[in-house]
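Visitor: For reference, the sequence and a predicted model appear below.
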Amino acid sequence: MTSTSTLPGQAPPAAAASGTYTLTSRLARGGTFEDGEITTHLGAVRLGAITPGARAALHAFGEGDRDETAINALVVAHDGETGLLRWQMLRSRLEAAGLLEHAVTGPDGAPLARLVPVGRGATTLKPAPRGPVRLSRHALLSPAEGTLALRAPGSPLAVELGAGAAALLPLLTTWTEEVPAPLVRLLATAGALAPGGPGSDPQAEERGSVQWDPVDLAFHARTRVPASAPGYGGTYRHADRFGPEPVAAPAADGPRVTLPVPDLEAIAARDLTLTEAIEQRTSTRAHDPGSPLTLAQLAELLYRTVRIRGTFTGSDGQELADRPLPSGGAVHELEVYPLVTHCEGLEPGLYRYAPDRHELELVAAPGPATATLVKEARGGTMMEGDPQVVLLVAARFGRVMWKYETVAYPLILKHVGVLYQTVYLVATAMGLAVCGLGGGDTTAFAAATGRDPLLEGTVGELVLGSRPAEPTAEPSAESAAEPAAAGL
Ligand SMILES: Cc1cc2nc3c(=O)[nH]c(=O)nc-3n(C[C@H](O)[C@H](O)[C@H](O)COP(=O)(O)O)c2cc1C
């Protein structure tokens with residue numbers, strides 16, 4: 001492809017006015033056209049009867065970037081002028097289906113930018129907006145396959161930037177007309193430009209736009225707008241490199257505490273009803289130091305909430321578990337680490353609950369890192385004294401990420417919610433004080449446990465203890481919700 005054309009849209013900036021930009025297209029993501037079938041990252045699409053000109057054009061698009069003039073000439077050469085309209089209609093359908101991608105080459109012949117589908121959606125180019133443009137506050141830049149990719153949350157398209165386009169990005173952090181229209185056109189099509197113009201009052205920005213942090217919005221869109229990212233559901237994208245992790249973490253070598261097994265029949269006979277437990281449930285941020293939580297109570301709570309009742313093998317070969325609480329795909333990645341400061345019958349320290357063996361494994365004796373974790377839980381609940389126990393909830397990420405892709409992390413957070421409510425209800429039924437926390441310190445957990453935070457890290461925490469007989473002047477939900485408490 002060699003022919004060039006000046007692209008429509010706003011007037012190019014003075015610096016670029018003398019040059020021309022070339023807009024080209026090709027089958028998306030290195031797609032191919034063979035035997036009447038287009039194969040791209042989205043799969044294979046069989047075309048019906050098409051003219052020789054369309055066939056030649058698709059072969060050319062499969063070989064590489066072609067500009068419109070060259071492609072149209074090819075169609076005319078085979079089908080005559082009358083074939084052009086049919087071709088344009090087919091081409092529009094291909095763009096609507098996301099089967100074509102577009103690139104812009106600069107006046108110096110260097111690739112400037114490429115608009116590529118990263119999810120499922122149309123690649124039909126939008127016109128470049130008139131007047132100054134600015135990047136959306138939600139646009140995110142990340143390295144991708146040897147280029148920098150600019151994305152807007154929820155858009156199925158990315159703009160891969162060549163060096164020339166990347167150098168223009170600082171201009172686009174404020175309203176500018178200094179960016180070539182062809183590049184602006186790709187950015188507009190990818191949804192990466194801010195609405196409005198330089199006259200727009202920043203204070204008048206829509207609440208919906210302002211309240212979202214770009215990273216949060218990208219995460220939300222990636223997980224809730226399936227068309228914007230491939231990889232919904234179980235994709236096993238790393239299965240050829242790593243095997244699944246065992247459902248129960250291997251036993252550690254250190255000291256273990258065998259836990260008493262509660263008598264579930266006796267418990268069921270004396271327990272609150274489900275309705276009573278739900279109706280009496282409350283967050284309690286005070287513990288009774290005179291009558292602390294006992295080892296038997298801790299054992300019962302763990303047994304009734306997170307023990308492994310059984311294991312089985314999924315159709316994909318991953319070992320799965322049955323526990324009192326549900327888990328997406330039955331993968332059960334959550335581990336509970338009781339951090340004990342005051343529990344009758346149990347030395348202070350950080351333990352891991354082995355849910356398959358109903359045992360506690362000592363992970364760390366009290367030290368600076370465990371002290372940090374206790375202090376943070378106390379600060380987050382504004383408790384007057386140290387919580388008797390902090391239940392640190394960690395995820396063995398690989399359990400979920402071996403199978404799932406875009407839904408992996410959201411699943412983990414949902415599992416934390418499931419665990420919180422199960423612990424709240426069982427603690428209520430047992431007459432214990434419990435309060436969930438909204439944040440925690442993965443770094444201190446890594447320091448205390450020596451665990452690699454990319455393999456296993458905390459994703460939740462609850463404080464647990466004996467409930468004071470008399471209501472105390474414990475912090476109210478409102479005061480604990482003060483930002484100063486870093487609590488919720
Ligand atoms: C996910 C979650 C996070 C929470 N984070 C905190 C926290 O960091 N600090 C705190 O004191 N309470 C925290 N709480 C407790 C809430 O403040 C409490 O549930 C809310 O005020 C309602 O009160 P209730 O639980 O007694 O009904 C949290 C609760 C949940 C479910």
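Guide: Alright, I've got the coordinates.

Visitor: what about Ala103, helix or strand, and which?
Guide: Assigned by DSSP states H and E, Ala103 belongs to strand 100-105.

Visitor: what mean pLDDT would you report for that strand?
Guide: Mean pLDDT, strand 100-105: 97.

Visitor: Only the buried residues of it, if you could.
Guide: Of the residues in strand 100-105, those with enough neighbours to count as buried (16 or more other CB atoms under 10 Å) are 100-105. For glycine as for every other residue, the C-beta is placed from the backbone atoms N, C-alpha and C.

Visitor: in its sheet, what does that strand sit against?
Guide: strand 22-27 (antiparallel), strand 111-117 (antiparallel) (DSSP bridges).

Visitor: Tell me which of the ones you listed is the most buried.
Guide: Of all the strands paired with strand 100-105, strand 111-117 has the most neighbours on average by mean count of other CB atoms under 10 Å, namely a mean of 24.

Visitor: Tell me, how many residues neighbour the residue lying closest to Leu325 once chain neighbours are set aside?
Guide: Nearest non-adjacent residue to Leu325, counting by CB to CB, 6 or more residues apart in numbering: Thr422, 4.6 Å away. Residues within reach of Thr422, counting by other CB atoms under 10 Å, total 18.

Visitor: picking up where we left off before, nearest to the ligand, out of the buried residues of strand 100-105: which one, please.
Guide: In terms of CB to the nearest ligand atom, no member of the buried residues of strand 100-105 lies closer to the ligand than Glu101, at 42.3 Å.

Visitor: all strands for the stretch 101-250 of the chain, in order.
Guide: Ranges of strands within the stretch 101-250 of the chain are 111-117, 140-144, 147-151, 157-161, based on DSSP state E, counting those that start in this stretch.

Visitor: Ok, which of those strands comes nearest the ligand?
Guide: Ranking the strands of the stretch 101-250 of the chain by their distance to the ligand (criterion: CB to the nearest ligand atom) puts strand 140-144 first, at 26.8 Å.

Visitor: So what sits opposite Gly234 in the bridge?
Guide: Bridge pairing for Gly234 (DSSP bridges) gives the partners Tyr404.

Visitor: so where's the stretch 101-250 of the chain shaky on pLDDT?
Guide: When the per-residue scores of the stretch 101-250 of the chain are filtered using pLDDT under 70, the ranges that remain are 202-204.

Visitor: Pick out the residue in it sitting closest to the ligand.
Guide: Proximity to the ligand, evaluated over the stretch 101-250 of the chain using CB to the nearest ligand atom, is greatest for Asp216 at 16.3 Å.

Visitor: For the stretch 251-400 of the chain, what lies in contact range of the ligand?
Guide: Of all the residues in the stretch 251-400 of the chain, those in contact range of the ligand (CB under 6 Å from any ligand atom) are 282-283, 285, 380-381.

Visitor: Residue for residue, what is the longest helix the protein has?
Guide: Residue-count comparison of every helix in the chain, with assignments taken from DSSP state H, identifies helix 408-429 as the longest.

Visitor: Mean confidence (pLDDT) on that one, please.
Guide: In this model, helix 408-429 has an average pLDDT of 98.

Visitor: counting contacts, what elements does it pack onto?
Guide: Here helix 408-429 touches helix 214-224, helix 274-280, helix 295-306, strand 334-340, strand 389-396, helix 397-401, strand 432-437, strand 456-466, going by 3 or more CB pairs under 8 Å, 6 or more residues apart in numbering; DSSP states H and E.

Visitor: Any buried residues in that helix, and which?
Guide: For helix 408-429, using 16+ other CB under 10 Å, the buried residues are 408-412, 415-416, 419-420, 422-429.

Visitor: try stretch 259-274
Guide: With burial defined by 16+ other CB under 10 Å, the residues of stretch 259-274 counted as buried are 259, 262, 272.

Visitor: Enumerate the beta-bridge partners assigned to Val336.
Guide: For Val336, the beta-bridge partners are Val393 (DSSP bridges).

Visitor: quick one, what contacts it?
Guide: By CB atoms under 8 Å, 6 or more residues apart in numbering, Val336 lies in contact with 302, 306, 352-353, 355, 391-394, 419.

Visitor: among those residues, which two are most distant?
Guide: The most widely separated members of those, counting by CB to CB, are Arg352 and Leu419 (15.1 Å).

Visitor: Span of stretch 30-50 from start to end?
Guide: 21 Å (CA to CA, to the nearest Å).

Visitor: on that earlier part again, could you check the distance from the residue of the stretch 101-250 of the chain closest to the ligand over to Pro153?
Guide: Counting by CB to CB, to the nearest Å, the gap from Asp216 to Pro153 is 9 Å.
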